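In: below: sequence and its predicted model.
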Amino acid sequence: AARAAAVAVGYLRYLRGGPGSGLQLRELRRARRQDIDDVGHKYYLELELEDVLDKDRTVNCTAEVLYHLGSKTSAPDVQLTVQGELRSTEEADKEFYNRIRSLEKELVAENIPDSHGNVPPELEPIHLLAWVASGYVIWQNSTENTKFHLAQVKHVKQVKRNDEDLQFDFVVLLHEMVSQEVLPWEVTLLWHPQRGARVPQS
Amino acid sequence: DQVLHIVPETIQQVQHLQLLCSTFTLDLWKPLLPEDIRAGEDLHIRVPAPLVQEVKDSLVQHMISYRVLIPDVQKLVDQSMPREKSSHREVSGGYIYTEYHPMEEIYQWMTQIQKNNSELVTQHILGKTFENRTMYYLQISQPSNKTKKIIWMDCGIHAREWISPAFCQWFVKEILQNYKTDPKISRFLQNLDFYVLPVLNIDGYIYSWEKDRLWRKSRSPYENGACYGTDLNRNFNSSWGSVGVSFNCSSDVFCGSGPESEPETRAVAQFIKNKKSDILCYLTIHSYGQLILTPYGSTTKPPSNNEELMQVAKEAAAALKGKYGTSYRVGSTALILYSNSGSSRDWAHTIGIPLSYTFELRDTGTHGFVLPADQIQPTCEETM
């Protein structure tokens, strides 16, 4: 169930995360598993999440994670309902958007956090966007036998675009608990303050 | 060390000063570069203590007048540091426990700790790593005429789990700083000895500092150097090779070529085997996950003293939570984490050590292995 919770959190980060906000799992309150013949295994979860930038703020969330039977190629289905309001990040998002758009040279960074766990404050929004991007990867690639966490952002490069989206090409290092492997993954993320984030299908 | 203030008057003086700076590689505070030294402009240079006289003599010889701006740089530095309790200094000689330290510094720390606390602490050789580095453990033992039971704790079996060796160092400091004043600790020491191995996988730890922060295993080569490292926590002789391992040497859970195939594993196993009748509790410290894990990893069949194991662990988790509210889950590895075999904790239990635990310290995935140094203190305080 903890593995399913990691999938739910990844999915939620992809859906709702941004440069100004990131959610992490505070506690898995309840979980139950249902085996559906010819379909797969479904986990019903009750999660308590906290805002990483404002730890006293928590939201509750119910999630259903369905792992399809025998399928190595399809992502688990996730449905979630968030109870309560997430903090509005409109101001911070706009500020970040304008800051990046006005950069002369495209942003490049590596090793976030550094070996000692530090993230310089101006890179924190990029760090949170990496959570969004890795949330997508984790959701898409998890199975009942894996539990992924973002270990570190190895490299990030901004790519300037003609449209209004910001584009960041990430190399993220994902730690897989069961095999203990650390796997590098390339993922491109597009983000816009009103439209939110998406990973383009290549 | 002293800082000198000089205002060169002529070009010759400038040139001589530039020569001095480069010959002795002096630390220029103002300007930053020797080529920016100008006649009529302020020059501040820091001169290391052993060179002070020689430099001053040279200035006098060339009729360059100077003024001592800072007579003792170290004193100024010390004054500007936040005041630490004097007992901190005695125990640790100024060692910063809220930072991560490379292996060289940990070696020096062990020597210092023994020197400063020789009535209680002795440093011993456990064995050697694959790359031939010496593994030392610290024995904290109050002299007494009764034989005492032993609590063994090892840290850093997995290279990337930096919070683990940080905890071992913190633990030692806490005991030594407070044993005279804290009744609980002094009672512990009356009846128990602590044996602490601050870094078990020294080769791996160094590699994670120098080459790959997320390295886990040891550094022994396999297949003619095609891949490196054994997961030392899959290498012990407890259902070795049966589950949760890989026989592929490039895997992060590669269990080695056989049980105890690695020198680090043998060093620990031999020692513990020899002392097993006196060892009450075996603790091995890892990260991350916030878990207190009991045997076994290779089977869900509970160990014979499971009730006792669980009760003690639950009390520990409750005490831990009382400090900062951090939740730790308690249970057997097979049930709450994953299946594995060859772990040190399982092995310790199977040879007869009644209380055997793996601690997975902070956090639960937000930072994972790269836990920021500002969490060292709260993590260690709650775990104490």
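Out: Arrived safely, thanks for sending.
In: contacting residues around residue B:52?
Out: Listed by CB atoms under 8 Å, 6 or more residues apart in numbering or on different chains, the contact set of residue B:52 reads B:1, B:2. (Glycine included, C-beta is placed from N, CA and C.)
In: tell me the mean pLDDT for whatever helix or strand it lives in?
Out: Using DSSP states H and E, residue B:52 falls within helix B:52-61. Mean pLDDT, helix B:52-61: 89.
In: buried stuff in it?
Out: Neighbour counts over helix B:52-61 (16 or more other CB atoms under 10 Å in any protein chain shown) mark B:55, B:56, B:58, B:59 as buried.
In: where does the chain have low pLDDT?
Out: Since you didn't name a chain, this refers to chain A. Along chain A, segments meeting pLDDT under 70 span A:71-72, A:202.
In: if you could check chain B rather than the one you did, that'd help
Out: B:78-93.
In: for it, which segments count as helices?
Out: B:11-23, B:52-61, B:73-80, B:86-92, B:103-116, B:163-178, B:183-191, B:202-210, B:263-275, B:306-324, B:333-336, B:344-350, B:376-383 (DSSP state H).
In: for the residue of the stretch 1-150 of chain B found nearest chain A, which non-adjacent residue is closest in space?
Out: Nearest residue of the stretch 1-150 of chain B to chain A, counting by CB to the nearest CB: residue B:100, 5.7 Å away. The shortest distance from residue B:100 to any non-neighbouring residue, by CB to CB, 6 or more residues apart in numbering or on different chains, is to residue B:162 (5.1 Å).
In: and residue B:178, by the same measure?
Out: residue B:185 (5.3 Å).
In: check contacts around the closest residue to chain A within chain B.
Out: Closest residue of chain B to chain A, CB to the nearest CB: residue B:372 (3.1 Å). Neighbour list for residue B:372: A:113, A:116, A:117, A:118 [criterion: CB under 8 Å, 6+ apart].
In: what's the closest of these to chain B?
Out: Of these, the one sitting nearest to chain B (CB to the nearest CB) turns out to be residue A:117, at 3.1 Å.
In: can you tell me the centre-most residue of the chain?
Out: As the question left the chain open, I've gone with chain A. Nearest residue to the geometric centre of chain A (CA atoms, centre = their mean): residue A:135, 2.6 Å.
In: I was thinking of chain B, sorry if that wasn't clear
Out: Centroid-nearest residue in chain B, with CA atoms, centre = their mean: residue B:165, separated by 3.5 Å.
In: I figured that residue was touching residue B:154, is that so?
Out: No. Here residue B:165 does not reach residue B:154: they are 9.8 Å apart, not a contact under CB atoms under 8 Å.
In: rewinding a little: dump the buried residues of helix B:52-61 to a markdown table, plus distance to residue B:17.
Out: Listed next are the buried residues of helix B:52-61 as a markdown table, based on distance: CB to CB, whole Å:
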| residue | distance to residue B:17 |
| --- | --- |
| B:55 | 10 |
| B:56 | 13 |
| B:58 | 10 |
| B:59 | 8 |
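In: thought residue B:321 was touching residue B:329?
Out: No. Residue B:321 is beyond contact range of residue B:329, at 10.8 Å (criterion: CB under 8 Å).
In: contacting residues for the residue nearest to residue B:335 when sequence neighbours are not counted?
Out: Among residues not flanking residue B:335 along the chain, residue B:300 sits closest, at 5.9 Å (CB to CB, 6+ apart). Contacts for residue B:300 (CB under 8 Å, 6+ apart) come out as B:332, B:334, B:335.
In: for the first one, which non-adjacent residue is closest in space?
Out: I take that to be residue B:332. Per CB to CB, 6+ apart, closest to residue B:332 is residue B:294, 5.0 Å.
In: and what of the second one?
Out: Excluding its sequence neighbours, the residue lying closest to residue B:334 (CB to CB, 6+ apart) is residue B:300, at 4.7 Å.
In: now residue A:49: which helix or strand?
Out: Applying DSSP H and E, one finds residue A:49 within strand A:40-51.
In: of all the helices of chain B, which gets the most neighbours per residue?
Out: A comparison of the helices of chain B by mean neighbour count, using mean count of other CB atoms under 10 Å in any protein chain shown, puts helix B:344-350 on top with a mean of 25.
In: which elements pack onto it?
Out: Helix B:344-350 is packed against helix B:263-275, strand B:279-287, strand B:355-361, with contacts defined by 3 or more CB pairs under 8 Å, 6 or more residues apart in numbering or on different chains; DSSP states H and E.
In: C-alpha coordinates for it, PDB please?
Out: Only the C-alpha atoms of helix B:344-350 are listed here, as PDB (Å, rounded to 0.1, in the frame of the first residue of the first chain):
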ATOM      1  CA  SER B 344      23.500  -8.100   9.100                       C
ATOM      2  CA  ARG B 345      20.500  -7.700  11.500                       C
ATOM      3  CA  ASP B 346      19.000 -11.100  10.500                       C
ATOM      4  CA  TRP B 347      22.400 -12.800  10.900                       C
ATOM      5  CA  ALA B 348      23.000 -11.200  14.300                       C
ATOM      6  CA  HIS B 349      19.700 -12.600  15.500                       C
ATOM      7  CA  THR B 350      20.200 -16.100  14.100                       C
END
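In: other residues contacting it?
Out: By CB under 8 Å, 6+ apart, helix B:344-350 touches B:154, B:157, B:232-233, B:236-239, B:265, B:268-269, B:272, B:279, B:282, B:284, B:293, B:295-298, B:303, B:333, B:356-358.
In: let's see 6 Å
Out: Contact with helix B:344-350 is made by B:233, B:236, B:237, B:238, B:282, B:284, B:295, B:296, B:297, B:303, B:356, B:358, as judged by CB atoms under 6 Å, 6 or more residues apart in numbering or on different chains.
In: which members of the contacts of residue B:372 are classed as buried?
Out: Of the contacts of residue B:372, these count as buried by 16+ other CB under 10 Å: A:113, A:117.
In: tabulate the contacts of residue B:372 (TSV), appending secondary structure and distance to chain B.
Out: Converted to TSV, the contacts of residue B:372 look like this (DSSP: H, G, I helix; E, B strand; the rest coil; distance: CB to the nearest CB, whole Å):
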residue	secondary structure	distance to chain B
A:113	coil	5
A:116	coil	5
A:117	coil	3
A:118	coil	6
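In: biggest separation within the contacts of residue B:372, which pair?
Out: Maximum pairwise distance among the contacts of residue B:372 (CB to CB): 7.7 Å, between A:113 and A:116.
In: surely residue B:243 meets residue B:296?
Out: No. Applying CB atoms under 6 Å, one finds residue B:243 not in contact with residue B:296, separated by 10.2 Å.
In: for chain B, what are the nearby residues on chain A?
Out: Taking CB under 6 Å from any CB of the partner chain as the contact definition, chain A meets chain B at A:24, A:113, A:115-118, A:149, A:151-152, A:175, A:178, A:180-182.
In: which other residues reach stretch B:227-237?
Out: So stretch B:227-237 is contacted by B:157, B:201, B:217-221, B:245, B:249-250, B:253-256, B:259-260, B:262, B:264-265, B:342-344, B:347 (CB under 6 Å, 6+ apart).
In: same check, this time on stretch B:260-271
Out: B:126, B:127, B:128, B:129, B:130, B:135, B:218, B:230, B:232, B:235, B:237, B:256.
In: if you set the cut-off to 8 Å instead, what comes out?
Out: B:126-130, B:135, B:137, B:154, B:197, B:200-203, B:218, B:220, B:230, B:232, B:235-237, B:256, B:344, B:347.
In: about what we covered before: how near is the residue nearest to residue B:334 to residue A:51?
Out: Residue B:300 is 37 Å from residue A:51, where distance means CB to CB, to the nearest Å.
In: can you check residue A:34 too?
Out: Look at residue A:34 and residue A:51: by CB to CB, they are 30 Å apart.
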